[in-house]
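Undergrad: Sequence and predicted model, in that order:
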Amino acid sequence: MTDHDARIRHSWQANADAWTRAVREQRIESRRLVTDAAILSAIADGPARRVLDIGCGEGWLCRALAERGSECVGVDASSPLIDSAKALGGGRFEVMDYAALIESGNRLGQFDVLVCNFALLDDYIAPLLGALRDRLDPGGRLLIQTVHPWSACGDEPYTDGWRLETFAGFGGEFSSPMPWFFRTLESWLALLAASGWRLRQLREPRHPDTGQPCSLLLELHPVAG
Ligand SMILES: C[S@@+](CC[C@H](N)C(=O)[O-])C[C@H]1O[C@@H](n2cnc3c(N)ncnc32)[C@H](O)[C@@H]1O
């Protein structure tokens with residue numbers, strides 16, 4: 001485990017209660033107004049009988065999908081977040097980090113949607129992306145929603161690199177800042193292509209007032225062969 005990976009995990013242990021409240025009380029405007037609906041709409045665009053929510057957090061997406069008739073499995077490295085998810089139900093939830101998910105092979109079964117909703121935070125995600133190809137049923141899709149590189153760049157240089165989320169905009173309850181790896185749009189697309197994924201659709205869900213993109217939402221299919 002790298003130092004960055006350890007700090008990311010520590011953050012989601014320490015901030016689990018604060019994050020659960022922020023999500024469940026709909027305190028994050030971009031989620032409330034734009035990105036929650038965007039990922040649900042992207043999932044609803046095709047078959048979604050079985051969905052794997054990778055880095056599911058406190059489980060809101062599985063609960064929303066269960067209400068729409070999907071069978072959901074949520075995995076996350078943070079045990080307190082998985083405990084929060086289990087408390088409200090909506091699917092099967094397991095404490096599992098991405099390395100364990102790669103190792104788990106077919107234990108969780110096959111899915112027609114794999115979703116990573118703001119959950120790919122590390123620099124070294126190519127092995128996970130490669131392994132996910134084997135978890136899909138024929139015709140299945142991978143959906144990745146992440147911060148939009150052009151909005152998230154801020155005043156820093158537009159180049160790949162580590163950044164620090166202090167959660168300052170989330171109220172004062174978050175005790176542990178989180179490193180996260182910034183990728184340019186070019187870098188995202190190159191990484192996904194190199195990991196065996198073909199881009200089928202790129203969406204830029206926008207804020208209704210400012211018109212600025214709130215996220216980058218990628219729909220991917222495995223490259224044949
Ligand atoms: C910003 S939260 C998003 C949670 C959820 N997808 C949502 O939309 O509310 C990022 C999540 O990714 C999880 N995560 C980050 N790195 C992980 C890893 N290596 N293995 C498993 N989960 C990880 C964190 O524990 C956290 O729950």
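TA: Happy to help now that I have it.

Undergrad: So which residues on the chain come close to the ligand?
TA: By CB under 6 Å from any ligand atom, the residues of the chain that approach the ligand are 8, 12, 23, 55-57, 60-61, 76-78, 81, 97-98, 117-119, 121. Quick note: C-beta positions are derived from backbone N, CA and C, even for glycine.

Undergrad: now this protein, which segments are flagged as low pLDDT?
TA: Within the chain, not a single segment meets pLDDT under 70.

Undergrad: can you point me to the longest helix in it?
TA: helix 3-14 (DSSP state H).

Undergrad: Flag every buried residue along the helix or strand that comes right after that helix.
TA: Counting by DSSP states H and E, the element after helix 3-14 in chain order, helix or strand, is helix 16-24. Neighbour counts over helix 16-24 (16 or more other CB atoms under 10 Å) mark A16, A18, W19, T20, A22, V23 as buried.

Undergrad: same check, this time on stretch 151-161
TA: S151, A152.

Undergrad: what sits up against it?
TA: Residues outside stretch 151-161 that contact it (CB atoms under 8 Å, 6 or more residues apart in numbering): D123, P149, W150, R163, F181, F182, R183, T184, S187, Q212, P213, C214.

Undergrad: Would you mind putting the CA coordinates of that stretch into CSV?
TA: Extracted C-alpha coordinates of stretch 151-161, given in CSV (Å, rounded to 0.1, in the frame of the first residue of the first chain):
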residue,chain,number,x,y,z
SER,A,151,-13.5,22.7,-13.1
ALA,A,152,-11.5,20.8,-10.5
CYS,A,153,-8.2,22.1,-11.8
GLY,A,154,-8.7,25.4,-10.0
ASP,A,155,-5.6,27.6,-10.1
GLU,A,156,-3.1,24.7,-10.2
PRO,A,157,-1.3,23.7,-13.4
TYR,A,158,-3.4,21.6,-15.8
THR,A,159,-1.3,18.5,-15.3
ASP,A,160,-1.7,15.1,-13.6
GLY,A,161,-0.7,15.1,-9.9
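
Undergrad: coming back round to it: among the residues of the chain next to the ligand, which are located in helices?
TA: Going by DSSP H, the helices hold I8, W12, V23, W60, L61, L81, Y98 from the residues of the chain next to the ligand.

Undergrad: Who does the helix or strand encompassing R198 pair with, and is each partner parallel or antiparallel?
TA: Per DSSP H and E, R198 falls inside strand 197-203. Using DSSP bridges, the strands paired with strand 197-203 are strand 216-222 (antiparallel).

Undergrad: Let's see the partner strand as PDB, backbone CA atoms only.
TA: Extracted in PDB, the C-alpha atoms of strand 216-222 (Å, rounded to 0.1, in the frame of the first residue of the first chain):
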ATOM      1  CA  LEU A 216     -17.300  14.100 -16.100                       C
ATOM      2  CA  LEU A 217     -19.400  11.000 -16.700                       C
ATOM      3  CA  LEU A 218     -17.900   8.300 -18.900                       C
ATOM      4  CA  GLU A 219     -19.800   5.300 -20.200                       C
ATOM      5  CA  LEU A 220     -17.400   2.500 -21.300                       C
ATOM      6  CA  HIS A 221     -17.600  -0.900 -22.900                       C
ATOM      7  CA  PRO A 222     -14.800  -3.500 -22.900                       C
END
